[in-house]
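*Asks:* Predicted model follows, preceded by the sequence.
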Amino acid sequence: MFRIQSRLMSSGPSVRRQTLLERFSMKGKVCLVTGAAQGLGYEFCRAFIETGCTRLAILDLKDEAAQRAAREIKESYKNTGIESTGEGLDIVGFGCNVASEALVRQTFEKVLSHFGHLDAAFISTLGVVENYPALDYPNDRIRRLFDVNFYGAFYTAREAARHMVANGGGSIVLISSMSADIVNIPQPQAPYNASKAALKHLAASLAVEWASKNVRVNTLRFAVIRSFLSRSSRSLIEQDHEINRTWKSMTPMGRLGEPDDISGAAIFLCSDASRFITGGEIVVDGGYCLT
Ligand SMILES: NC(=O)c1ccc[n+]([C@@H]2O[C@H](COP(=O)([O-])OP(=O)(O)OC[C@H]3O[C@@H](n4cnc5c(N)ncnc54)[C@H](O)[C@@H]3O)[C@@H](O)[C@H]2O)c1
């Protein structure tokens with residue numbers, strides 16, 4: 001009792017501790033999401049806005065798609081009260097092929113010249129989604145897949161960290177997959193699985209390298225998430241009802257995930273609520289990988 005009292009007193013009346021809710025808030029933070037013109041990246045942008053972020057950069061392959069997403073998201077919050085928090089929403093879309101290190105660097109220069117700062121980077125890019133038995137997998141397609149899924153994530157994380165290291169820190173989240181740890185069936189996708197496993201260890205390694213510089217790197221791993229916009233989900237779930245049924249039956253919670261199911265974990269990892277977590281992974285899969 002005495003110790004608690006003296007600690008409270010020593011912080012003085014003018015120092016107010018952030019409440020837990022404030023630590024979950026993205027208010028005042030500049031955020032960036034890659035692969036955000038559609039699918040889960042698009043949903044994560046909404047999660048950022050709904051937790052107070054008003055300055056957001058959207059990166060996707062094509063300028064036009066990134067700018068359209070920026071416009072749409074901004075428009076969707078008109079008259080909802082979210083914009084009336086003060087500053088209004090500043091959401092900017094940039095075309096950037098993340099497989100090109102030079103383009104990633106140039107795009108970050110544009111983002112930083114617009115916002116002047118970056119607090120959180122969320123990497124949700126997904127390049128090639130396809131299934132070939134490993135015996136026949138075309139070599140050029142394996143390379144394309146790694147170019148985006150692995151190299152693209154590395155270039156983006158590194159560029160974000162270069163800025164964050166120089167500016168006191170930040171949070172980087174990479175999207176991994178349950179396929180990093182288990183071999184999901186029935187689709188034959190060995191290179192995809194391997195790229196996600198590589199990403200997981202990349203995140204852990206970067207977390208250790210950058211920990212002392214206050215740059216945190218975590219991964220978010222989930223099972224199949226239903227999203228009518230999502231290419232990876234749509235290709236399998238919506239076209240194959242048998243797979244849909246099988247996956248549901250293999251999920252202890254008895255359903256597939258919805259984009260909203262992962263938003264909370266995404267914000268937790270990007271926000272100060274997870275300020276002592278780095279190299280970690282949150283699994284959002286309704287128990288799928290446990291059975
Ligand atoms: N949807 C799921 O069920 C599921 C499950 C596990 C993991 N994931 C992971 O979640 C992430 C997002 O998946 P999704 O379902 O939203 O995919 P998606 O295909 O719907 O969206 C991916 C986005 O990345 C963009 N993109 C592709 N190549 C790019 C490049 N070279 N440069 C920049 N942008 C590029 C696409 O244009 C697209 O907007 C991926 O990393 C995926 O592996 C998804």
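*Replies:* Yep, that arrived. Residues are numbered from 1 along each chain as shown.

*Asks:* can you give me the strands for the stretch 151-291 of the chain?
*Replies:* For the stretch 151-291 of the chain, the strands defined by DSSP state E, counting those that start in this stretch occupy 170-175, 215-222, 281-284.

*Asks:* what number of residues lie near the residue nearest to Phe146 when sequence neighbours are not counted?
*Replies:* Among residues not flanking Phe146 along the chain, Ser195 sits closest, at 5.6 Å (CB to CB, 6 or more residues apart in numbering). (Each C-beta comes from the backbone N, C-alpha and C, glycine too.) The local packing count at Ser195 equals 26, with neighbours defined by other CB atoms under 10 Å.

*Asks:* Go ahead and confirm Ser195 touches Asn149.
*Replies:* Yes: between Ser195 and Asn149 a contact is recorded at 3.9 Å, counting by CB atoms under 8 Å.

*Asks:* which residues are common contacts for those two?
*Replies:* Taking CB atoms under 8 Å, 6 or more residues apart in numbering as the contact definition, Ser195 and Asn149 share no neighbouring residue.

*Asks:* for the ligand, what are the nearby residues on the stretch 51-200 of the chain?
*Replies:* Listed as neighbours of the ligand in the stretch 51-200 of the chain under the rule CB under 6 Å from any ligand atom: 60-61, 96-99, 124-127, 148, 152, 175, 177.

*Asks:* before we move on, the earlier item: could you dump the strands of the stretch 151-291 of the chain into a markdown table with mean neighbour count added?
*Replies:* Listed next are the strands of the stretch 151-291 of the chain as a markdown table, based on neighbours: other CB atoms under 10 Å:
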| stretch | mean neighbour count |
| --- | --- |
| strand 170-175 | 26 |
| strand 215-222 | 25 |
| strand 281-284 | 18 |
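
*Asks:* Export those strands as TSV, with columns for mean pLDDT.
*Replies:* As requested, these are arranged in TSV below (pLDDT from 0 to 100):
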stretch	mean pLDDT
strand 170-175	97
strand 215-222	95
strand 281-284	96
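
*Asks:* could I get those as CSV with distance to Val111?
*Replies:* Putting the strands of the stretch 151-291 of the chain into CSV (distance: least, CB to CB, whole Å) gives the following:
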stretch, distance to Val111
strand 170-175, 13
strand 215-222, 17
strand 281-284, 26
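
*Asks:* Now do Thr80 against Lys74, distance only.
*Replies:* 11 Å (CB to CB, to the nearest Å).

*Asks:* Could you export stretch 115-129 as PDB, CA atoms only?
*Replies:* Below are the C-alpha coordinates for stretch 115-129, written out as PDB (Å, rounded to 0.1, in the frame of the first residue of the first chain):
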ATOM      1  CA  PHE A 115       2.800  13.300 -43.700                       C
ATOM      2  CA  GLY A 116       6.300  14.100 -42.400                       C
ATOM      3  CA  HIS A 117       6.200  11.100 -40.100                       C
ATOM      4  CA  LEU A 118       5.200   7.400 -39.800                       C
ATOM      5  CA  ASP A 119       4.100   5.600 -36.600                       C
ATOM      6  CA  ALA A 120       2.700   2.300 -37.800                       C
ATOM      7  CA  ALA A 121       3.100   0.200 -41.000                       C
ATOM      8  CA  PHE A 122       0.800  -2.700 -41.700                       C
ATOM      9  CA  ILE A 123       2.000  -5.000 -44.500                       C
ATOM     10  CA  SER A 124      -0.800  -6.900 -46.100                       C
ATOM     11  CA  THR A 125       0.400  -7.300 -49.700                       C
ATOM     12  CA  LEU A 126      -0.400 -10.500 -51.400                       C
ATOM     13  CA  GLY A 127       1.000 -11.200 -54.900                       C
ATOM     14  CA  VAL A 128       0.400 -14.500 -56.500                       C
ATOM     15  CA  VAL A 129      -2.500 -16.700 -55.400                       C
END
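
*Asks:* Lovely, talk soon.
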